[in-house]
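Engineer: Could you work out the structure for the sequence below:
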Amino acid sequence: MVDLTEYELERYDRQIRIYGFGETGQKKLKNAKVLVAGAGGLGFPISVYLAAAGVGTLRIVDCDNVELSNLNRQILHWDKDIGRRKVDSALEKLQQINPCVKVEVCDEVICEDNALNLVEGVDAVVDALDNYSARYALNKACLAKKIPFFHGAVHSFTGQATTIIPNETACLRCIIPSAPPRETFPILGPVPGTIGTIQATEVIKHLTGLGNLLKNRLLIYDGFFMEFHIIEVERNPACQDCGKPSTQSSK
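Structural biologist: Next up is the predicted model:
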């Protein structure tokens, strides 16, 4: 495990002081690699807070370019970035946020054909996507590779989050068996900020071994009425993704 420098000890001092966290927890973050799938509304708070916390390597995957209509919520991107690849814009900002963190970028459409390769070698995968075909592809890849998968989704004033641990919890397909219709959905800017910071917190807790995760629990956030609810979920023995382990392969 790579040691911390004097610079890092001072930079992360306030979280190192957390009971149970300490230098050991910070070293675990420094030695971790996390894939953030999406550099948009959810990807902004997830990647920013993981970088600021000192996760050693972030792999950002997104295939889109920055558009003007992104800017109410995708705070990594600014007016000057319109037309740029989102991964390039994200790389520039994240390197400035924390020069200690290595940022890898992949300008690819996530699908079943490349999902296994994209998740190779990472310790966690964070869902910052806006479509379920890519989410299901990552869900299957994480099941096959036994990588924790941190789901989040938003719409209008609402959002949801859960933590999926292969062979232990319900998978995404268990919880959401079929994708909702595709749409250009409405979204209030702060909502992905709320859900994304919850996802980032879950990732940090998992990597450091602290706290209770949202395992077999789906958190529902309603920003309109300012309410949080927890729905208990469980594995579906007939799930097409996780119900038949013998069909999964890590090759």
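Engineer: quick one, strands of the stretch 101-250 of the chain?
Structural biologist: Applying DSSP state E, counting those that start in this stretch to the stretch 101-250 of the chain gives strands spanning 102-106, 124-127, 149-155, 158-164, 217-222, 227-232.
Engineer: could the ones you listed go into JSON lines alongside distance to residue 202, mean pLDDT and mean neighbour count?
Structural biologist: C-betas here are computed from N, CA, C, even on glycine. As requested, the strands of the stretch 101-250 of the chain are exported to JSON lines (distance: least, C-beta to C-beta, whole Å; pLDDT from 0 to 100; neighbours: other C-beta atoms under 10 Å):
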{"stretch": "strand 102-106", "distance to residue 202": "21", "mean pLDDT": "98", "mean neighbour count": "17"}
{"stretch": "strand 124-127", "distance to residue 202": "9", "mean pLDDT": "98", "mean neighbour count": "26"}
{"stretch": "strand 149-155", "distance to residue 202": "5", "mean pLDDT": "98", "mean neighbour count": "25"}
{"stretch": "strand 158-164", "distance to residue 202": "5", "mean pLDDT": "98", "mean neighbour count": "25"}
{"stretch": "strand 217-222", "distance to residue 202": "9", "mean pLDDT": "98", "mean neighbour count": "17"}
{"stretch": "strand 227-232", "distance to residue 202": "13", "mean pLDDT": "98", "mean neighbour count": "10"}
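Engineer: closest one to residue 29 among the ones you listed?
Structural biologist: Smallest distance to residue 29 across the strands of the stretch 101-250 of the chain (C-beta to C-beta): 11.0 Å, for strand 124-127.
Engineer: Packing partners of that closest one?
Structural biologist: With contacts defined as 3 or more C-beta pairs under 8 Å, 6 or more residues apart in numbering; DSSP states H and E, strand 124-127 has these neighbours: strand 33-37, helix 132-145, strand 149-155, helix 190-208.
Engineer: Paired strands for it, with orientation please.
Structural biologist: Using DSSP bridges, strand 124-127 pairs in its sheet with strand 33-37 (parallel), strand 149-155 (parallel).
Engineer: among the ones you listed, which is nearest residue 17?
Structural biologist: That would be strand 33-37 among the strands paired with strand 124-127, by C-beta to C-beta, at 23.0 Å.
Engineer: what's the angle from the next helix-or-strand element following that closest one to helix 190-208?
Structural biologist: Of the helices and strands lying after strand 33-37 in sequence (DSSP states H and E), the nearest is helix 43-53. With axes from the mean of the first three to the mean of the last three C-alpha atoms, to 10 degrees as the basis, helix 43-53 and helix 190-208 are set at 40 degrees to each other.
Engineer: who does helix 43-53 touch, helix- and strand-wise?
Structural biologist: Judged by 3+ C-beta pairs under 8 Å, 6+ apart, helix 43-53 is in contact with strand 33-37, strand 57-61, helix 86-97, helix 190-208.
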